[in-house]
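1. Output the structure for:
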Amino acid sequence: MSTWYQESKSKIDDPNYNQWDSFLASLVNEYNGHKHIHLVQDIVIRALERKDEIQNAFILDHLLGELGLYPYIDDKKNSSKDKLRRLLFTTPQDESKTFHIRQAEVFHRIINGENIILSAPTSFGKSLIIEALVATHEFDNIVVVVPTIALMDELKKKLHKYCDHYKIITQVAQEASLKNIYILTQERVLEHNDLSSTDFFIVDEFYKLAPTSSNDERCDRLNLAFKKLYARCKRFYMLGPRINGLASGIEEELRCTFLKFDSYATVATNEFFYPLNTKGKDSEVDLERDEILLKILKSKARNEQTVIYCKSPKRASSLLVKLLDSDLFAPTPSNKEFSTWLAENFHHEWSLIDGLNHGIAYHHAQLPRAVAALIVDYFNDSKINILICTSTLIEGVNTNAKNIIIYDDCITKRTKLDMFTFNNISGRSGRMFEHFVGNVYILGDKPQTELPFIDMPIVTQSDNASDSLLLHMGAEVNEPNREKIRRYYEQDVIPVPLLLKHQGINPSKLINFASSLIDKCGAWNRLMCWDGIYPDQYQLQHLSMILFEYFNVSAMGGGTVRTQKQLNRKLIDVINKVDDKALILQDYEFWRKGTSNYNIDDAIQSVFNFKKNLVSYNLPKLIYAISDVQELIFKRFSYPFGDYKSFASTLENFYFPAPVSSLEEFGIPNQITKKILTHNDFDGMNIDQYLEEIKTALGGDLPYLTEFETSLVKSALYFS
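-> Sure thing, here's the model as predicted:
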């Protein structure tokens, strides 16, 4: 790195430095050399933090204009040239917002008909382009594919201002209007039957199209979602963080352009490295980690918006407890209503409650959706200063964090952070117009591995393509891959269309189960010939056995289900609509007998894991498949058969009306929705009607809701 850059950086960091004329002259000279433009850009951005001290700040504005950083130019002192630039680069959605030069390039290339795949730093402002495309009203039906509910919620709020022109749809059950913006996960794209009129689609975090393992089911579904949308519409925009490039052949096959703006940043980042000398178990290394972390927090980060990255929900929870024990954080009364509500509805000893009361919280994928969304809102409103989180928040969701602390230098227990993930996490520090300079503190070594090339197996049919994905490609499969999946066409246990119907389930597991059912047809028929939503105890036990023995559900719930008997017991609790508070206490009482260090946080995490990973998603999907397989096999041998579809759909909604779960995504916790349901008759309504009825109910007196609950519902419905 150049000597000039280091000297310039140290001058800006020196609070006593005031020789700004010579500083600006060196900046102009360096820019005119055209050798290190990205370093000049970094220094110009850093200088913005001290712009008020610079007498000849118009020179800084001139450099901002030359670098294309038009949003940062002072519009009160614009030259004629600057005013013309501002006119040319104003965003279509807001006259007060301006594109920087690279954003404008991407936007205009898309509007002019190009398909763009964009790789750029986190601070680039890739999502501003999405909003600009919406604001043009160029497209009638836009589908935006996002990987997480958190991103769905963020984008829905951002695009709410266009609700007069578009209906924003995030649920499969919502009815379409004339013009719509669908914000969906890949699973919902595949479930949705009403996307034929799509005239533009967007894939956010497109790097997730590349598999991370040999059985990456979510990646398969994203590839299939892309295939479905591309079959309906050939116009798209895909965006994501910095990568090396695309696998060979993708640009040509999709007739698109890959744009890579690696060094075009809009915020600057300071990186601080703290190598770890301790080796061995996590518990031993953590002593050193904790010592470093507390020093960082004591210096300044505890009073600034700070995100701490941990590799797992368990780690996030235990770190929160450590921070509370450090006595670094004073109590804050501003979060009392939220923490009191959590205590009343979950458990008063939950560490998150004490954390909120001290301005600290954690966020991970297993938290109830409405609670997780509220935590992000509290952090962005600075009601929480310290937010401990896993990669599910850091990958894609924008926060107002000034500091990122990478506490764990790994993704899982065995997998170290690679350069790609490191960039994605560290890029969350700083934010345009809030923090020109962000800080990243790395506890451990900076990864040395290269950035990846991103494959799209649905396009390339590479070795990364799973059997399930290849089966879905039908006649499009090339000759080498036909040989790879020939065994599925040559077997006569399950017809291929049925395997295809249950995408995301390993076809070999379905065939293995069907083969066992053929062998045990007579013995199993009585236990499997049922329908409705209430199987008897023997039928439920048998179903639990099938799920456990043939579909490995123990690996899907984060260790929350270890035996088929335990699975059966938990399913009975769901059928009986046992509430979270009772489930948490029940789990805690059971496990603490044999595990002395099992605490309330562990019980809460276990309940959340089971509900989110199993009941809300994996179990219903598997039960639908089991239902189809038993019908096929029993019919084949002239036995009566069952139908578990109503059971699966009812289970997925925890035996409450379907909109209850949907409202959780709109920001209304299940506990509040259940209260509303007991005082209002919404029977037979769809989600849109539910929302309208609740809005009507809010216009009157709701004595059964607390003031906090009422304000939460009103806030949630504002964006519906």
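2. so what's the backbone phi/psi at the residue of the chain most remote from its centre?
-> Distance from the C-alpha centroid of the chain peaks at residue 638, with 46.8 Å (CA atoms, centre = their mean). Main-chain dihedrals, residue 638, degrees, to the nearest 10: phi 60, psi 40.
3. In contact with the residue nearest to residue 23 when sequence neighbours are not counted, which residues?
-> In this structure, residue 23 finds its nearest non-sequential neighbour in residue 11, 6.0 Å apart by CB to CB, 6 or more residues apart in numbering. In short, each C-beta sits where N, CA and C put it, glycine included. By CB atoms under 8 Å, 6 or more residues apart in numbering, the contact set of residue 11 is 17, 19, 23.
4. pLDDT score assigned to the nearest residue to the second one once chain neighbours are set aside?
-> Distance criterion CB to CB, 6+ apart; nearest residue to residue 19, sequence neighbours excluded, is residue 11 at 7.8 Å. In the predicted model, residue 11 carries a pLDDT score of 91.
5. which of the contacts of residue 11 has the most neighbours?
-> Comparing the contacts of residue 11 by number of neighbours (other CB atoms under 10 Å), residue 23 comes first, having 20 neighbours.
6. my read: it touches residue 9, true?
-> No - with contact defined as CB atoms under 8 Å, residue 23 does not reach residue 9; the gap is 11.3 Å.
7. picking up where we left off before, possible to save the contacts of residue 11 as a markdown table with secondary structure, distance to residue 100 and pLDDT?
-> Putting these into a markdown table (DSSP: H, G, I helix; E, B strand; the rest coil; distance: CB to CB, whole Å; pLDDT from 0 to 100) gives the following:
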| residue | secondary structure | distance to residue 100 | pLDDT |
| --- | --- | --- | --- |
| 17 | coil | 27 | 91 |
| 19 | coil | 29 | 91 |
| 23 | helix | 23 | 90 |
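8. of these, closest to residue 406?
-> residue 17 (30.0 Å; CB to CB).
9. Low-confidence bits of the stretch 351-500 of the chain, can you list those?
-> Along the stretch 351-500 of the chain, the parts satisfying pLDDT under 70 run over 395-396, 412-414, 430-431, 433, 448.
10. Can you show me the helices along it?
-> Under the criterion DSSP state H, counting those that start in this stretch, the stretch 351-500 of the chain contains helices at 351-356, 369-380, 391-394, 419-426, 457-460, 467-472, 479-490, 496-501.
11. Show me what the third one is packed against.
-> Packed against helix 391-394, as judged by 3 or more CB pairs under 8 Å, 6 or more residues apart in numbering; DSSP states H and E, are the following elements: strand 306-309, helix 419-426.
12. Out of these, which one sits most buried?
-> Across the helices and strands packed on helix 391-394, the average number of neighbours (mean count of other CB atoms under 10 Å) peaks for strand 306-309, which reaches a mean of 26.
13. list the helices and strands that one packs on?
-> Where contact means 3+ CB pairs under 8 Å, 6+ apart, strand 306-309 is packed against strand 386-389, helix 391-394, strand 403-406.
14. Now with 7 Å, please.
-> strand 386-389, strand 403-406 (3 or more CB pairs under 7 Å, 6 or more residues apart in numbering; DSSP states H and E).
15. Indicate which one of the ones you listed is closest to residue 70.
-> strand 403-406 (26.9 Å).
16. List the buried residues in that closest one.
-> In terms of neighbour count (16 or more other CB atoms under 10 Å), strand 403-406 has its buried residues at 403-406.
17. To residue 280, which of the helices and strands packed on strand 306-309 lies closest?
-> Taking CB to CB, strand 403-406 is the member of the helices and strands packed on strand 306-309 nearest to residue 280, at 19.9 Å.
18. The closest one pairs with which strands, parallel or anti?
-> Neighbouring strands of strand 403-406 in its sheet, by DSSP bridges, are strand 306-309 (parallel), strand 437-443 (parallel).
19. Rebuild those strands as a markdown table, extending it with distance to residue 564.
-> Formatted as a markdown table, the strands paired with strand 403-406 follow (distance: least, CB to CB, whole Å):
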| stretch | distance to residue 564 |
| --- | --- |
| strand 306-309 | 36 |
| strand 437-443 | 41 |
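20. Residue 283: which of the ones you listed is closest?
-> Taking CB to CB, strand 437-443 is the member of the strands paired with strand 403-406 nearest to residue 283, at 15.1 Å.
21. So which residue is dead centre in the chain?
-> Residue closest to the mean C-alpha point of the chain, counted by CA atoms, centre = their mean, is residue 148 at 3.1 Å.
22. any idea of the pLDDT on it?
-> At residue 148, the predicted lDDT confidence score is 85.
23. all helices for the stretch 51-200 of the chain, in order.
-> Here the stretch 51-200 of the chain has its helices, by DSSP H, counting those that start in this stretch, at 57-67, 80-89, 101-111, 126-135, 149-159, 186-191.
24. so can I have JSON lines of those helices showing mean neighbour count and distance to residue 233?
-> Converted to JSON lines, the helices of the stretch 51-200 of the chain look like this (neighbours: other CB atoms under 10 Å; distance: least, CB to CB, whole Å):
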{"stretch": "helix 57-67", "mean neighbour count": "19", "distance to residue 233": "36"}
{"stretch": "helix 80-89", "mean neighbour count": "14", "distance to residue 233": "28"}
{"stretch": "helix 101-111", "mean neighbour count": "19", "distance to residue 233": "13"}
{"stretch": "helix 126-135", "mean neighbour count": "21", "distance to residue 233": "14"}
{"stretch": "helix 149-159", "mean neighbour count": "21", "distance to residue 233": "19"}
{"stretch": "helix 186-191", "mean neighbour count": "20", "distance to residue 233": "12"}
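25. Nearest to residue 358, out of those?
-> It is, among these and with distance given as CB to CB, helix 149-159, at 23.5 Å.
26. any low-confidence regions in the stretch 201-350 of the chain?
-> 301.
27. where along it do the strands fall?
-> 236-240, 245-246, 257-260, 268-274, 306-309 (DSSP state E, counting those that start in this stretch).
28. any idea which of these is most buried?
-> strand 306-309 (a mean of 26).
29. How about residues contacting it?
-> 319, 385-389, 394, 399, 401, 403-408, 425, 428 (CB atoms under 7 Å, 6 or more residues apart in numbering).
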